[in-house]
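**Student:** for reference, the sequence and a predicted model appear below.
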Amino acid sequence: MNNLLETPIEYLKGVGPQRGELLRKELNIHKYRDLLNLYPNRYIDRTRYYKINQLQNTPTEVQIVGKIIHIKTVEFGKGKKRLTATFIDDTGEMELVWFQGIKWIRESIKVNFPYVIFGKINAFNGQFSMPHPEMEGLEEHKASLRSAMQSIYPSTEKLSNKGISNKVINKMMQQLFIETHSLFTETLPDYLIHELQLIPKNAALFNIHFPKSQELLSKAQFRLKFEELFFIQLQLITKNLIRKHKIKGHPFGNVGDYFTDFYKYHLPFELTNAQKKVLKEIRNDLGSNAQMNRLLQGDVGSGKTIVALMCMLLAMDNGFQACLMAPTEILANQHFNGISELAKSLNVNIKILTGSTKTADRKTIHEELENGSLHIIIGTHALLEDKVKFKNLGLAIIDEQHRFGVEQRSKLWQKNEIPPHILVMTATPIPRTLAMSLYGDLDISVIDELPPGRKPIQTVHRYDSNRLKVWAFIKDEIEKGRQIYIVYPLIQESETLDYKDLMDGYESISRDFPLPKYSVSIVHGKMKPVEKDAEMIRFAEGKTNIMIATTVIEVGVNVPNASVMIIESAERFGLSQLHQLRGRVGRGAEQSYCILMTGHKLSNESKTRLETMCKTNDGFEIAEVDLKLRGPGDIMGTQQSGVLNLQIADLVKDRDILQLARHHAIKLLKEDASMTKPEHKKLREIFIEMGKKKNIWNYIS
Ligand code: ADP
Ligand code: MG
C-alpha cells in the first residue's frame, strides 16, 4: 500500500500537470507522500453554525447555513466590477461579495439552494458581508469526509492566486485518503505504541488532517511529534555509537605520576562534586579505545580550567602531548597564565603560541612540539597552521566552541593518524533540549555547580537618567578597594558609532573620576594586542580602578577583585552575552553587582531580557529564555538551524516529548543496537531510508 505514496503528485485525481508543477515549486510536494506529510498550521472549529442575527460578536471566521435569493454584478469605477449576492437564513440577511472570478462564480452559483458558507465577516453600517466565502451545498457538506475541525494548510501567495485555495488542498487530501484507502504502514513497534498509549499511525494521519475532535487532534499531534523526535534521536544516538565503535582513539590506560602527584599534593582547593563528576566521565572516555568527543559545559566561573589541566596531565601520563586552543589572544594568555600557575610545581613544559609570538620563540616551539619535549601548548588559531606538527598529540581541548567551526575541529584531527581526543569547553550554556538535538553525536558533561563561597551577583536595571546615583555607588565600591568594569556595546555594522560612544564615555568618566584619586583603563578592538594586554594587566594588578571596554573582555578574563560590572546600552546585548559579561565579576569573596544601564525606550523583548537578568544567575535558565525569545536557529547560527527543520515537533514547546523520545531511543538501542529484532524490522527500514536522505544528520559530525 505504501508504494502508492511514491506516486508523483500530478497523478492524484484533481491535481494534474499544472497544479502538480505548482505544488512542487511552492510547497516542495513531489509525491503523494509529501502531500500526506503537509501538516496543517492550524485548525478552525467548524462544529458551530451561526445565525445571521448572531453576527454581532462572533469570531472573525464563521459558517452559516442559508441560501442566496438574489445575485447581481455591480460596476464601480472604471471597468471595475464586483459580484454581490443576498444571502438569507431564517433570522436575517447579509451580503456575499466577490471581486475576482466573477463570471465563473456567477455561472456556478445556484439561487434558492441550501448552502453552507464559511469565511470572514465584515460589518459596515450595521450590514454584514462576507467577501469570497467558501461555499458548499448543504448535502455535500454533510456528506464530506471533512471533520469538525477544519485544517488550514501552509500556503503561498502564488498558490492562492492560481486557485489552489485551502479548500482545494483539503480536497486533494481527501482524494489522497480515498486513493490510498487510508491505509498507512505502522512505523513504531507495537510494544511502544502500547506502552505510551499512542494512537496508530493511520489514526494519527487521519486526525492530523481531518480531526474528529480536539481530543483526537491532540493525540494525533502527540503521536506524530513523538515519532519525528524518536527517529531523530535514533539517528543521532546511532551515529554516536558508530563513532565510538569505528573511530579509534588512544586509550589513556595509565593514571601516572603527573595526574596523581597533582591530585594528591598540588590541588589548590578541593574539587566540587560537579568537577569530580565530569572528570570521571572524561576519564572513562579517555580510558576506552574510542576517540573522545565531548562537550564540557560549565557556567562562567564554574572551574573548567582545572578540569582541562587534569585531562592534559592524563595525556602526559600516557606519553602524549596536549593542546588547548582559545578563540582570542587575551583568552589564550589567560589560560596560559592560569594553567602555568596551577602546574608550577610539576615538571611540565608549557608554552603559548599566538599570532604575536616572536619568530625565534615560534621556531623553538615548532621544534619542541615535533621532538616531543613540549608537553602542553596553549594558543589561538595559530595552532592550526601547517607548520605546527606534533610528535604525538593525544588530546585537544577547545575553549568556547562557538567560535570554532566543525571544520576547524577536524583540522586538528588531520595532524595525526589516530585522532586526538577532543574536549570542547563552553561557558555558553546550551539548553539541554537543544544540546540533545544538535550535539547528539557529542557526549555532554555539565559542571552544574559553582565553587563554594561565591555570593550570587546582584543584578539591577537602571535608567540613564539615574546615572549620578550609579556613579555614587561605584565611588563607594572603589573606596572599599574594589574595581569596576564598564562595558560598551560593539556591533560590527556601526563600529564607528560605537567607537564614538565608547570614547565619549571614556572622556566623561575620566572627568567624573579624575586623577590622581582615580585611574581609568580602556581596552577596545582598535588597540594593538600588546597595548590591550598591557592595559588588562594594569587592571588585573589593581593599578587602575575602572576598566572601560568593549566586549573584548567578554570571555574568560579573570580579575577576582572586580566587583561591579556596568553594562551600557544593555538593551543592545543578547541574553547570553549579558550573562557572559556578568560572569566577569563575582569571582572573589566580595558581594558583586551587575548594573544594566538603558534609556527609557525599550522593546518588550529587551524588557524580558533585562528582567531575566535581574531575576536569575543561572546560565541554563537564561539560555532557556534566550531560546524562547530568539528561537533555536538564531542561537546556533544559520548554519546549524537547518537541524531544526522539524515537520511537526517544536524543540521549545515539545521538550517533554523530546525527553521521552530520547529516553525510548536509548532504551531501544541498548537492547537492540542494530535493530535486527523482528519487532524492529519496520523501524530499521525507515531508519535506513532516513539515513540515505541528505539531511540534517549529515553535517552533525
Ligand atoms: P571557568 O569555568 O569560567 O573557566 P575557571 O576555571 O576560570 O572558570 O575558575 C574560576 C575561578 O574559580 C578560578 O579563580 C578558579 O581558581 C576557581 N575555582 C575553580 N574550581 C574551584 C573549586 N573547586 N574551589 C574553589 N575555587 C575554584
Ligand atoms: Mg574559562
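**Tutor:** All right, it came through fine. Numbering: from 1, shown residues only. Ligands and ions are numbered 1, 2, ... in the order given.

**Student:** so where do the strands sit in the stretch 151-300 of the chain?
**Tutor:** With DSSP state E, counting those that start in this stretch, the ranges of strands along the stretch 151-300 of the chain come out as 293-298.

**Student:** how about the residues of it near ligand 1?
**Tutor:** Within reach of ligand 1 by Cβ under 6 Å from any ligand atom, the stretch 151-300 of the chain has these residues: 269, 271-272, 275, 298, 300. All C-beta atoms are positioned from the backbone trio N, CA, C, and that covers glycine.

**Student:** where do the domain boundaries of the chain fall?
**Tutor:** As assigned by automatic domain parsing, the chain contains the domains 47-144, 257-287+302-426, 458-616.

**Student:** buried stuff in stretch 564-577?
**Tutor:** Residues of stretch 564-577 classed as buried: 564-573, 575-577 (neighbour count, 16 or more other Cβ atoms under 10 Å).

**Student:** with stretch 443-459 instead?
**Tutor:** Here stretch 443-459 shows 443-448, 450-451, 457, 459 as buried, counting by 16+ other Cβ under 10 Å.

**Student:** give me the helices and strands touching the one helix or strand Met425 maps to, please.
**Tutor:** Using DSSP states H and E, Met425 sits in strand 421-426. Under the contact criterion of 3 or more Cβ pairs under 8 Å, 6 or more residues apart in numbering; DSSP states H and E, strand 421-426 touches helix 273-287, strand 293-298, helix 304-317, strand 393-399, helix 406-413.

**Student:** mind putting the residues of the stretch 151-300 of the chain next to ligand 1 in a markdown table, neighbour count, distance to Asp45 and pLDDT included?
**Tutor:** Shown next, in a markdown table, are those (neighbours: other Cβ atoms under 10 Å; distance: Cβ to Cβ, whole Å; pLDDT from 0 to 100):
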| residue | neighbour count | distance to Asp45 | pLDDT |
| --- | --- | --- | --- |
| Phe269 | 11 | 62 | 94 |
| Leu271 | 17 | 58 | 97 |
| Thr272 | 18 | 54 | 96 |
| Gln275 | 21 | 54 | 97 |
| Gly298 | 24 | 48 | 88 |
| Val300 | 23 | 49 | 78 |
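
**Student:** hmm, back to that, what is the most widely separated pair among the buried residues of stretch 443-459?
**Tutor:** The most widely separated members of these, counting by Cβ to Cβ, are Asp443 and Thr459 (32.9 Å).

**Student:** dump the residue contacts of the residue of the stretch 151-300 of the chain found nearest ligand 1.
**Tutor:** Relative to ligand 1, the nearest point of the stretch 151-300 of the chain is Phe269 (3.7 Å; Cβ to the nearest ligand atom). Contacts for Phe269 were tallied using Cβ atoms under 8 Å, 6 or more residues apart in numbering; they are Pro451.

**Student:** which parts of the stretch 601-701 of the chain sit against ligand 1?
**Tutor:** Counting by Cβ under 6 Å from any ligand atom, the stretch 601-701 of the chain has no residue next to ligand 1.

**Student:** residue of the stretch 601-701 of the chain nearest ligand 1, please.
**Tutor:** Counting by Cβ to the nearest ligand atom, the stretch 601-701 of the chain gets nearest ligand 1 through Gly619, at 10.5 Å.

**Student:** what number of residues lie near that residue?
**Tutor:** If you count neighbours by other Cβ atoms under 10 Å, Gly619 ends up with 26.

**Student:** Tyr593 is in contact with Thr459, correct?
**Tutor:** Yes - Thr459 is within contact range of Tyr593, at 7.4 Å (criterion: Cβ atoms under 8 Å).

**Student:** top helix in this protein by residue count?
**Tutor:** Scanning the chain for the longest helix, with DSSP state H as the assignment, gives helix 214-246.

**Student:** compute the inter-axis angle for that one and helix 273-287.
**Tutor:** 50 degrees (axes from the mean of the first three to the mean of the last three Cα atoms, to 10 degrees).

**Student:** alright, that wraps it up for me.
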